[in-house]
Every structure is written in C-alpha cells, then in structure tokens.
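[1] Need a 3D model of the sequence below.
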Amino acid sequence: MMLVVLAVALPGLYWDQGPETAAVLERAGIEQVFVPPARQQAWQGRPGIEVQPADLQQATKLAEPGVQFQMNRASATRSPWITANGWEILRSPAALFQYEAKGPAAELAAAEAFAYGARAVIATDEAGLEPLSLMLRFLRGLEQPELPPFADIGVIDDGSFETGELMTMLARGNLLFRIVDAPDPNLKLNVKLGTPEYPTEQAAEPHVLAAKVRSKLSDEKRSLRIYGSTIVVARVVGGAERLRLHLLNYAGAARPVNGIRVRVLGRYSRQKIAASGVDDPRLSDVRVSEDATEFTLPEMKVYAVVDLYR
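    Residues are numbered from 1 along each chain as shown. The predicted structure follows:
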C-alpha cells in the first residue's frame, strides 16, 4: 500500500500513535493525519480528524532542517551551518519524502516541503504539533500557482555524491540553479563536474567550488541577492511576468530575522507578501528601477512568500 495522494504541494502529519492520542491532536488544531496502515482501522470513525493510511517503506528520509552556529577558528565568530533539503527534493521531484522533525523544527520542515513542491509527511513529537498545525493552516491559505523553476545556473546532475554536495552549497548561497540533462543556452551558466572547467577533484571542497561558480556567474548577473542574513535560503519560481520568492529562515521562529534586504533583477511594479507568524506582514523601502527591484522585510519568522508582478 502506497501513501494516498497528498494535497498538491501540501505536506501532512505522520502520526504512528493510536486513537487514544486524538485529544492531543485536537488541542493542537490538527485536522488530518497519516497513520501506519496497521493503525488505520483503529482510527476509523474518530470525529474531527481525517485519517489516511501511509506506508513509508519507500519514502526518502530527509534531515531535520535547521541551523547550527559553530565557532570559526579563523575569525573567532560563530558561522552558521545550514541543514537544508531543497536540493534533494529537486533531484527527485516525484519522490515521497519523510521528515523526522521534533518541536519547532516541524513547522520549518512543512515550509521547506511546500516551498519545493515536495510530497512529504512530517513525523514529530507532541511539542511539534502546534507549530506544525499553525504552519499548515498558513500554507492552506496561500495561493498555489503552477510556476516553473527560475534559475541562473544549470547543473547537469550525474547523480553523484559530489554533484549533490555542490548543489547543497549553491542552494545555501542563494545561487539559483535548476537540474538539466544538457547545457541550456537560455541559462547564464551551465555546470558539469568532470569537465576541464569543473574537474571532479575540485569537488573535494564543495564550498570552494561553489565560490568558483559564483565568480563565473558574477554577482552583477545574479537574479537574486539577499543582504543582512546568512541563514535565509530562497527558492524562486516564475518568469519574466511574475516571480514568487519562497524565503526560509533556517534558524526558525526562535531566531527571527529583521530587516533583510532583497534585490531581484527585473522591474516588478507590484509586490505582495505573506509571512507566517507575522500579524501585519509588509515590505518597506521598495525601490523599482529599470533593471532591478529591491525591498526590505522588516520582520520574518520562519517563512515568507513574496510575489512580484510586472
């Protein structure tokens, strides 16, 4: 038995406990759960909660998203190490994914899955139920347009660990890429490991290789730049007439980011924002020129969606 079809790009809660825990779910505002097939019958007829079976034997497990701050020996500062799964979702867009995300990490996992259009379930603990419920409620209220991935860079994926590491570093550096089968002349740059330009041995240091890719692209040609934070990762979809920016704060609600500046190439005269956990989300200091659109997010907790229109 495979997982029943999830709502389009909307993750769900996977709960392996029995119906005696229904009151816990209801208090958290959970209205739908996916349960192991062996527990489905026991849950049947429970009012207020929709229950569907999920067999996760074939699911791809993803790491709990988040950020760790580690001491940088060279500068005696705390540098962030982001655990993000977007590249893995892009690598297998049709796969079923399973998160094990406890506590507040559950809401970040839901936002990440939604941003990348993943079919995903999230297993969490009791502490994660309410944050997850609030995020799912926010996601249900968002428009879900079908927009193509937007990228500057094409990565020819050979399926290797090394190429996966490169995509990890590109994503963390907000270097917009998409996976291609062959060089795409419509993109600003194409990257393939094992070529004279990108020798496989350079992949031993993926952060150095990602810096090389950034240098070849050049900051002037980057379609997206984020200032004021090293823990916000963007996923961008759309085209010339409309862009959607998914912005994820990998430190979570415990470390909101305030005042980040975003610059997007292109003139977008109309902007709209939605942000989880923010009462009155808005953009400030919006500046639209002939070649770029800039704005500031005064407040961002876990997840924000910015739509830009010509």
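
[2] Check the gap between Gly164 and Ala203 for me.
    Between Gly164 and Ala203 the distance, using CB to CB, to the nearest Å, works out to 10 Å. For the C-beta atoms, the positions are set from N, CA and C on the backbone; glycine is no exception.

[3] same thing with Gly103?
    34 Å.

[4] Tell me what Gln271 is bridged to.
    Leu308 (DSSP bridges).

[5] surely it meets Val286?
    Yes. The pair Gln271 and Val286 qualifies as a contact (CB atoms under 8 Å) at a distance of 6.3 Å.

[6] so what sits against both of these two?
    Taking CB atoms under 8 Å, 6 or more residues apart in numbering as the criterion, Gln271 and Val286 both touch 293, 295.

[7] of the two, who's got more company?
    Neighbour tally, Gln271 and Val286, criterion other CB atoms under 10 Å: the higher count belongs to Gln271, 18 against 13.

[8] out of everything not next to it in sequence, what's closest to Val213?
    Val191 (5.8 Å; CB to CB, 6 or more residues apart in numbering).

[9] I figured that neighbour was touching Val155, is that so?
    Yes. In this structure Val191 lies within contact range of Val155 using CB under 8 Å: 5.3 Å.

[10] what sits in contact with each of the two?
    Residues within reach of Val191 and of Val155 at once, by CB under 8 Å, 6+ apart, are 166, 177.

[11] as a whole number, average confidence for the helix or strand harbouring Ala234?
    Element membership for Ala234 (DSSP states H and E) is strand 232-238. Per-residue confidence for strand 232-238 averages out to 97 on the pLDDT scale.

[12] same deal with stretch 279-294?
    Taken as a whole, stretch 279-294 has an average pLDDT of 96.

[13] And for stretch 54-70?
    Averaged across stretch 54-70, pLDDT comes to 91.

[14] Do you have the strands of the stretch 151-300 of the chain handy? List them.
    153-156, 177-180, 189-191, 224-227, 232-238, 242-249, 260-265, 270-275, 284-288, 292-297 (DSSP state E, counting those that start in this stretch).

[15] cool, the stretch 1-150 of the chain as well?
    Listed in chain order, the strands of the stretch 1-150 of the chain (DSSP E, counting those that start in this stretch) span residues 12-14, 32-35, 50-53, 60-62, 66-72, 77-83, 96-100, 119-123.
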